[in-house]
Each structure stands twice: as C-alpha cells, then as structure tokens.
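Colleague: okay, structure incoming, though there's no sequence with it:
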Ligand code: 0O2
C-alpha cells in the first residue's frame, strides 16, 4: 500500500473514532445531568499509527489484505472513569447501545497482564456511512480508571523508548507502581462507598425530620 491507499483505508476508521468520541462525550454529559456524578471522567480516541498496524500484523501473522478483520484496534477509544465500579456500569451502557455491536470483551482488570496492565477492553462492530455506502469497522473501546490510565501511559512511553528490552529494574519498578495504582483504586472505592453511605444516612434523617 502506498501513502494514498493508506489514506483511503484509514478514512472509515477516522470517521468511526470521531463519531464514537462525540457519542460517548454526549453520554457523559447526559449521565452527569441524570446522576449524582458522571461515571465517565473523559474520553479520548486515536487511529493506530501505520507502523504499529504493520508491527502488530507481523506479530499476529495477519496478511495485509486481512487487516480489517485481523487487527481489531485500528480505531481506538479510551474512556476514563474515577472509580473501578464505574467501569462495569459504563460497559453495561455500551452493551445496551443500538448503534454498535459488542463482538467480545477482554477483562484485564480481573486478569491483569504480566506487565501489570489493567483495563477493560470491548471490541465492537461500528457501522459508518461513507460516500460509497455503509461500512462496518471494528473498534476497540478501552475503559479504565484514572490510576490505570496514569500507569498505562507511563508504561507505554517507557516501552516505546526501550522497545522490547525494558531494563529489569524499570520492569520491577513498574510492577510496584502498578500495585500502588491498584491500592489507590481500592482506597478511592472505599472512600466513595463511605461517602455514599453517609449521604444515604443524611437523606434518611432528613426524611424522618420532615415527616414529624
Ligand atoms: P497503540 O497503537 O500504541 O495504542 P497485544 O498483544 O498486547 O497487542 P492484546 O493483549 O490483545 O494485544 O490487547 P489489545 O486488546 O489488542 O489492545 C492492545 C492495546 O491495549 C495497546 O495498544 C495498548 O493501548 C493496550 N495495552 C495492552 N497491553 C498493554 C500493556 O501491557 N501496557 C500498556 N501500556 N498498554 C497495553 P498498543 O498496541 O500499545 O498500540
């Protein structure tokens, strides 16, 4: 494929990322109005770099004419949440949507990766309306907490810098940082539950007072 072929190949993926970003940001705004806090903190999206597509195709043995089915994260959306509990709720909102179909899910929160990576991935089929008609593309939606995102962003840039050979001491430190991020998520969840509990007690007491 030359530059122009890549340009047209990536067009529906760019459209999918732009549309999904708008839709999920709208979902954030709506939930913020309806609920006590928004389970979505922010949403980002990206198209996988051509060099990364080619690297992954080589690693997974995907022929160049089967990239559309063989590489599932050419279009990528990332949803950041404050609390681990929010991740399951957001995943459920996505499953219920009628404008996409969930193909399968990868739960790297229950089964985190050896690297220490934690996140919830959903591979979805998303139809885009192009000038030539409808085209269904695959997209990967990653849902994670702010702590998981902090860790993954740092680990990703270090892995990119050192390529395959992350020095052992840095790997160890990253594992420890991953454990610290896990503890942080748990602590924040515990605080959240206490706040919700306190709010409920306060509401119950107000109801009793207003009835007497
Ligand atoms: P980019 O384009 O730089 O964002 P894999 O075999 O790891 O490629 P896997 O485990 O099936 O694939 O994961 P999946 O669902 O294909 O998603 C790959 C993407 O998940 C990665 O994109 C990262 O965004 C994220 N990810 C997966 N594992 C790790 C990890 O150990 N550390 C970090 N920081 N991120 C991870 P790419 O490939 O980095 O592409």
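Modeller: That came through fine. Values in this document were obtained by computation on a predicted structure and should not be read as measured data.

Colleague: which bits of the chain sit near the ligand?
Modeller: Neighbours of the ligand within the chain, by Cβ under 6 Å from any ligand atom: 48-49, 52, 56, 73, 76, 106, 113, 115, 117, 121, 140, 152, 155-156. Any C-beta I mention is one placed from the backbone N, CA and C, and that applies to glycine too.

Colleague: can you tell me the helix or strand for the most centrally placed residue in the chain?
Modeller: For the chain, the residue sitting closest to the mean C-alpha position, by Cα atoms, centre = their mean, is residue 142 at 1.8 Å. In this structure, residue 142 sits in strand 133-145 according to DSSP states H and E.

Colleague: show me what counts as buried in that strand.
Modeller: 135, 137, 138, 139, 140, 141, 142, 143, 144, 145 (16 or more other Cβ atoms under 10 Å).

Colleague: repeat that for stretch 109-128.
Modeller: 109, 115-124, 126, 128.

Colleague: what does stretch 179-192 give?
Modeller: Within stretch 179-192, the residues scored as buried using 16+ other Cβ under 10 Å are 181, 182, 184, 185, 188, 189, 192.

Colleague: re the thing from before, including distance to residue 67, could the buried residues of strand 133-145 go into TSV?
Modeller: Below are those laid out as TSV (distance: Cβ to Cβ, whole Å):
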residue	distance to residue 67
135	14
137	11
138	10
139	14
140	14
141	19
142	20
143	25
144	26
145	31
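
Colleague: state the pLDDT value of residue 207.
Modeller: Per-residue pLDDT puts residue 207 at 69.

Colleague: check residue 1 too.
Modeller: Looking at residue 1, its pLDDT stands at 73.

Colleague: same question, the one 4 residues further on
Modeller: According to the predicted model, the pLDDT of residue 5 comes to 90.

Colleague: dump the residue contacts of residue 89.
Modeller: Residues near residue 89 by Cβ atoms under 8 Å, 6 or more residues apart in numbering: residue 39.

Colleague: residue ranges of the strands in this structure, please?
Modeller: Here the chain has its strands, by DSSP state E, at 42-47, 75-81, 101-107, 120-130, 133-145.

Colleague: now the ones you listed as TSV including mean pLDDT and distance to residue 94?
Modeller: Shown next, in TSV, are these (pLDDT from 0 to 100; distance: least, Cβ to Cβ, whole Å):
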stretch	mean pLDDT	distance to residue 94
strand 42-47	98	12
strand 75-81	98	9
strand 101-107	98	7
strand 120-130	97	6
strand 133-145	98	6
